[in-house]
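Engineer: My questions concern the predicted model and sequence given below.
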Amino acid sequence: MLRRLYSLAADVAGPPLALAAALKGRFGGRWRAQLGLRLYPARLPHRPRLWFHGASVGEARSAGAVIRALLARRPDAEIFLSVGTPAGLKAAEDVFADERRVTVIAPPLDFWASPRRALSRMRPDALIILETELWPNLIYETRRAGVKLVLAAARLSERSFKRYRLVSGFTARMLESFDLIAPSGSKEAELYQALGAPPKRLKILGSPKFDNLLAEAQSPDFEARRLAWAEKLGRTDNAEPLIVAGSTHPGEEEILLAAFKNLEQPATLLIAPRHLGRTPEALKLAQSAGLEAALASGGGAASARVIVLDTVGQLPVLYALADAAIVGGSLRAGLAGHNPLEPAAVARPILFGPWMSSFAREAAGLLECGGAVEVQPETLATALNTILRDNEKKRRMGEAARASLAARPKAAPALAEAVLELLAADSPASE
């Protein structure tokens, strides 16, 4: 009954919400695929067809790591990767630009029977959902079609847990649909079990989101992009310090700008809004604060005090140019933080606020090794001053952060193996 009520509400409210998101630049906008009307090639005999799905850039990279590990084991596999945001789609297309076995698509919307149409046309053997993309109709239709269902690198914040707990019966039935739920850690496993996930289907396999960060940061392509951005932004050896604030949300830019105006030495601040549609807002806030501001793609970026990033997929490279990195989504109550290991991969000192529940384990590890400091909005300027005036401290923090990332075990091979085991369990040879 609850799913039917959800479906009715989604059919009515979903279209205007999707349109509003598209107008704000937060949506993929590939309507044919999103309505389940895209056509797919015919299935080839004896070749597994797998559908991976994630929300945005981070999940696309997580899926990418698992997909590469899986293709190493099954080079004949056909892979479809769906991502729900423009930035995520662009990142996925960049990652697999030279890989013909992987097709990047937009996911079906969770209304108007779009998941049912998409599944009937694609006919995958398994759907692998990354992290917490729990769309009820997609999950229901996948199970109804007899397709294997996996929740990989399953994350769950305390805030999300409390929301799902409000509809515990509905949530439990969704989780019972999965053949495998692979939490990223023991805490997540406990939360999923408390929500009704069958214990025998829970298997802690870690998160692949961070598997390739170091390798990517050391690639020739990454270095070429870093040098190009250094030239564009005027980052010479004697340039003033650069602070990069990544994935910022409404209310955080004001905090950043106030701290920036209280620095003890001249510096440049680069702000990368979490959603590209907020670029004009961030630029206007900087200008209203009396600071010379420019878009990163514009001609005045090299001389501006505040630069606003207006292109997608560039944040890791820009972290590599920073003297200090600030993780957005952490400076205001009600948020849950973003990935602090991207700046760790390029050995940069890291600052974040107290609201990091989505990356609590990673944040704790960075604090413990001395690679990061936690700040309150009112102490951000003081912390920045301490780091920027001490080159040796910057170096030590950056190296500690990178070493912490390097020590993490890789999760993608184990997840790929788990997916293949599920497929093998249904093959004729296993009967």
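Structural biologist: Looks like it came in fine. Numbers count the residues shown, from 1 in each chain.

Engineer: quick one: contacts for the residue positioned nearest the centre of the chain?
Structural biologist: For the chain, Gly58 is the residue whose C-alpha lies nearest the centre (Cα atoms, centre = their mean; 2.2 Å). Listed by Cβ atoms under 8 Å, 6 or more residues apart in numbering, the contact set of Gly58 reads Glu131, Lys209, His338, Asn339. Any C-beta I mention is one placed from the backbone N, CA and C, and that applies to glycine too.

Engineer: what separates it from Ala412, distance-wise?
Structural biologist: 14 Å (Cβ to Cβ, to the nearest Å).

Engineer: who wins for neighbours among the contacts of Gly58?
Structural biologist: Lys209 (28 neighbours; other Cβ atoms under 10 Å).

Engineer: isn't that residue right up against Gly64?
Structural biologist: No. Using Cβ atoms under 8 Å, Lys209 is not in contact with Gly64; the gap is 9.8 Å.

Engineer: gap between the longest helix anywhere in the chain and the chain center?
Structural biologist: In the chain, with assignment by DSSP state H, the single longest helix is helix 2-23. Computed by Cα atoms, centre = their mean, to the nearest Å, the chain-centroid distance of helix 2-23 equals 23 Å.

Engineer: got it, and stretch 42-55?
Structural biologist: Put simply, stretch 42-55 sits 22 Å off its chain's centre (Cα atoms, centre = their mean).

Engineer: could you dump it to PDB, C-alpha only?
Structural biologist: What follows is stretch 42-55, C-alpha atoms only, in PDB (Å, rounded to 0.1, in the frame of the first residue of the first chain):
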ATOM      1  CA  ALA A  42      20.100  -6.700 -28.600                       C
ATOM      2  CA  ARG A  43      21.500  -9.000 -26.000                       C
ATOM      3  CA  LEU A  44      24.400 -11.200 -27.200                       C
ATOM      4  CA  PRO A  45      24.500 -14.800 -26.000                       C
ATOM      5  CA  HIS A  46      26.600 -15.700 -23.000                       C
ATOM      6  CA  ARG A  47      27.700 -12.100 -22.300                       C
ATOM      7  CA  PRO A  48      26.700 -10.600 -19.000                       C
ATOM      8  CA  ARG A  49      24.900  -7.300 -19.200                       C
ATOM      9  CA  LEU A  50      25.200  -5.100 -16.100                       C
ATOM     10  CA  TRP A  51      23.700  -1.800 -15.100                       C
ATOM     11  CA  PHE A  52      25.500   0.400 -12.600                       C
ATOM     12  CA  HIS A  53      23.700   3.500 -11.200                       C
ATOM     13  CA  GLY A  54      25.000   6.300  -9.000                       C
ATOM     14  CA  ALA A  55      23.800   9.800  -8.000                       C
END
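
Engineer: quick one, phi/psi of Val373?
Structural biologist: Reported as degrees, to the nearest 10, the phi and psi values for Val373 are phi -130, psi 140.

Engineer: Run through the bridge partners of it.
Structural biologist: Leu351 (DSSP bridges).

Engineer: Next up, the contacts around it.
Structural biologist: Pro349, Ile350, Leu351, Leu367, Ala383, Ile387, Met397.

Engineer: Going by neighbour count, which of those comes out on top?
Structural biologist: Pro349 (29 neighbours).

Engineer: That residue and Asp179: what is the separation?
Structural biologist: Counting by Cβ to Cβ - Pro349 and Asp179 are separated by 43 Å.

Engineer: Ser160 too?
Structural biologist: 22 Å.

Engineer: Same check on Met397?
Structural biologist: 43 Å.

Engineer: ok so, going back, toward the C-terminus from the longest helix of the chain, list the very next helix or strand.
Structural biologist: Once helix 2-23 ends, the next helix or strand along the chain (criterion: DSSP states H and E) is helix 31-34.

Engineer: Now do stretch 295-305: everything it contacts.
Structural biologist: Residues outside stretch 295-305 that contact it (Cβ under 8 Å, 6+ apart): 232-234, 268-270, 279, 283, 286, 291-294, 307-311, 314.
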